[in-house]
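[1] predicted model and sequence follow; I will ask about them next.
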Amino acid sequence: MAENTVQVENHPLEPLSKEEIGIAVTILKGQKGLGAYHRFVSVQLKEPKKELVQAYDGSNPIEREALIIILNNLDNACYEAVVSLTKQQVTSWKLIPGVHPMIMLDEHLECEKVVQRSPLFQEALKRLGIDDPSLVMVDLWSAGHFGAEEDSLVRLARPLCFLRSDEKDNGYARPLPLIPIVDLNKMEILRVEEYEYTKIPAQEANYTPDRVGPLRTGIKPIEIIQPEGPSFTVNGHEVEWQNWNFRIGFNPREGLTLHTVTYEDGGRKRPILYRAALSEMVVPYGDPGAIQNRKNAFDSGEYGIGQLANSLELGCDCVGYIKYFDAPMTNSKGELVVIKNAICMHEEDYGILWKHTDWRTNDVEVRRSRRLVISSISTVANYEYGFFWYFYQDGNIQFEVKLTGILSTAGLHPGDTPKYGTMIGPDLYAPNHQHFFNVRMDMQIDGNENSVYEVNVVAEEPGEHNPRENAFYAKSTLLATELEARRNICLETARYWKIVNDNVKNEYGQSVGYKMVTGENCFPFASENSSLMKRAGFIKQHLWVTPYHEDEIYASGNYPNQHAGGDGLEFWTSQNREISNKDIVVWYTMGHTHVPRPEDWPVMPAAYIGFSLKPVSFFNQSPAINLPPSPKKNYCSSAVTANGCQS
């Protein structure tokens, strides 16, 4: 096997290259005798143990390994394999009983063709007066787990179907009252569930420029140029920018990941995060109707945010001087697939960072904020999710999700008014739903031993010490165990959480740390007894904290697809392990409740949801105090020429 030898001198967290993926697949196929019925669910870097990475100085290479998940279609069996690229051998091959691995992109494509060609489905279409099955869009939806035997035993899909008038039409305007039940292992239809609409919605709702009518005019160009190039430098997947240093990763399930985030302060690189990524997300629908009530999509764990990533060269997703990163992976046959430009990185102006006018002297000092953006966008059937990490010059880190795309729609009986959604067209409505995201952050504030404090702002009691009854103070409470750290936001007390290292102090004797500043959030509306709450226990709390464990990565467990529940964060934290002055992981759940509007149709303007990590006592003063003023040539007055700004 000398032809497969690969010399690796990369950092141990450098994602697998195209060559490494090909070698790993070849080794596994050859040494395990895999056949056509073995499907590659995912191939990604098996990250080395944290202690090895932290001790790595480049003098001695660390073993390179690939983690591969395999589905045997014949046996409906899932295997986890570890392939050592260094040793050129399969070092681990484990059967994972009773699970259904993530749905592969190939299965989406195959499922649509199987449904369209099915005589059962074609007969159901004819009863609706539809003669051309090729115009039916078939969106593969996961089956979930609702107590039926087939939910556990059969690898299922319950697609939603929509009718196009031509191949470019927006089919979501015409949902069909049909749900084909598909065995994904056999790729055959088990049955077709038929429901009744008095009529299929008929009004078109297209959004491409050639179909929306006259486009608005009067929009003058805005050009973003960096004539001297960007301020960041890139070495492989390592990035340096404005005192920040970190590594970018990507895999089929989580998509974009960040690693070993540090900030240079006083000549030393101070660690903040070891690893950060989207851990899980779920989209529960709030409509009890027969077609809608099973819709609880785990878009990361069931579908794979990474494998559904867009190639960002195809649209205006990023503006400015762009650095792109490709994402190599495989299809289900183990063949190499490269999502070109899956990750976009660029700088952008973000308004005023700080300013002060001395009104006595009329001296003005202002500094503009610049941020570094690392982003990836994934399409999950009708929805688009943009995942954005922002780094700021004042030490802030922000994570944001941008939600756009097309509403998941349903038909109405003429004259009906939807109780559990909003009418967006004749005989057409969009059901109420929620989006929950959980972000896993392996914290490393100036070292591995960190603690989490909850801070509530409290009004001081009336008395002699508070004569005007105006006083309030911030009360910090240590969260010492996992159960204590199951917490929710509280607007009444302006609650936030700070992650600190009590072993390291700033000049004022304060523990260095970062605080979590929450943005939009919500609570789930589903019953505690619902399938959703059993399977997505992570949405019950906004904050979770666990001691670091290399196998605890995904908030709903490793295999949420058709899982009955009881795995993941809720299960792990029931151990009530100690989390004070430990190597800890902070998990944050944020939710967006979407009661649709007519203005969300036919394509939704983006909604934004996220949170920030802000330094609190991490620095002795503002780290942005040393930013130079912007050159005068960049200051704009009201006199603007065609070439830019005029002083």
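    In hand now; what should we look at?
[2] can you give me the distance of the residue lying closest to V504 once chain neighbours are set aside to I377?
    Counting by Cβ to Cβ, 6 or more residues apart in numbering, V504 lies nearest to D446, which is 4.5 Å off, once chain neighbours are set aside. No exception for glycine: its C-beta is placed from N, CA and C like everyone else's. Computed as Cβ to Cβ, to the nearest Å, the D446 to I377 distance reads 34 Å.
[3] more crowded one of the two?
    Taking neighbours as other Cβ atoms under 10 Å, D446 and I377 compare with I377 leading, 25 against 20.
[4] list the contacts of stretch 294-303.
    Residues from elsewhere that reach stretch 294-303 (Cβ atoms under 8 Å, 6 or more residues apart in numbering): 102-103, 141-144, 146, 158, 253-255, 278-285, 287, 305, 378, 380, 383, 385, 408, 431, 433, 531-532, 535-536, 554, 556-557, 559-561.
[5] so which of those residues are in helices?
    Judged by DSSP state H, these include S531, L532, R535 as members of helices.
[6] which one of those residues is nearest to N341?
    R535 (33.9 Å; Cβ to Cβ).
[7] that closest one against H563, yeah?
    Yes. Using Cβ atoms under 8 Å, R535 is in contact with H563, at 6.1 Å.
[8] who touches both of those two?
    H145, S556.
[9] which of those two has more neighbours?
    R535 (27 against 24).
[10] most distant residue from the middle of this protein?
    Distance to the chain centre peaks in the chain at E464, reaching 51.5 Å (criterion: Cα atoms, centre = their mean).
[11] pull up the per-residue confidence for that residue.
    Confidence at E464, expressed as pLDDT, is 96.
[12] quick one: it from A471, how far?
    According to Cβ to Cβ, E464 and A471 sit 12 Å apart.
[13] next up, the contacts around G557.
    Counting by Cβ under 8 Å, 6+ apart, G557 touches G301, H563, D567, G568, F571.
[14] check for me that the second one belongs to a helix.
    This points to H563. No. Under DSSP: H, G, I helix; E, B strand; the rest coil, H563 falls outside any helix and is assigned coil.
[15] for the longest helix along the chain, buried residues please.
    Identified as the longest helix of the chain according to DSSP H is helix 18-32. Within helix 18-32, the residues scored as buried using 16 or more other Cβ atoms under 10 Å are E20, I21, G22, I23, A24, V25, T26, I27, L28, K32.
[16] quick one: which of those residues is nearest F121?
    V25 (34.5 Å).
[17] now do the contacts for that closest one.
    F40, V43, I68, T330, G334.
[18] who touches stretch 259-266?
    13, 53, 243-249, 269-276, 395, 397, 619, 623.
[19] what do you get for stretch 158-168?
    Identification of contacts with stretch 158-168 by Cβ under 8 Å, 6+ apart yields 111-112, 115, 130, 135-144, 170-176, 178-182, 200, 204, 208, 291, 294, 408-409.
[20] start to end distance for it?
    24 Å (Cα to Cα, to the nearest Å).
[21] same deal with stretch 354-368?
    Taking Cα to Cα, stretch 354-368 runs 7 Å from one end to the other.
[22] related to what we said a few turns ago, for ChimeraX, what selects the buried ones among the contacts of stretch 294-303?
    Selecting only the buried entries of the contacts of stretch 294-303 in ChimeraX, with 16+ other Cβ under 10 Å as the criterion:
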select :102,103,141,142,143,144,158,253,254,255,278,279,280,281,282,283,284,285,287,305,378,380,383,385,408,431,433,531,532,535,536,554,556,557,559,560,561
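[23] any idea of the mean pLDDT in stretch 369-384?
    Summarised as a single mean, pLDDT over stretch 369-384 is 98.
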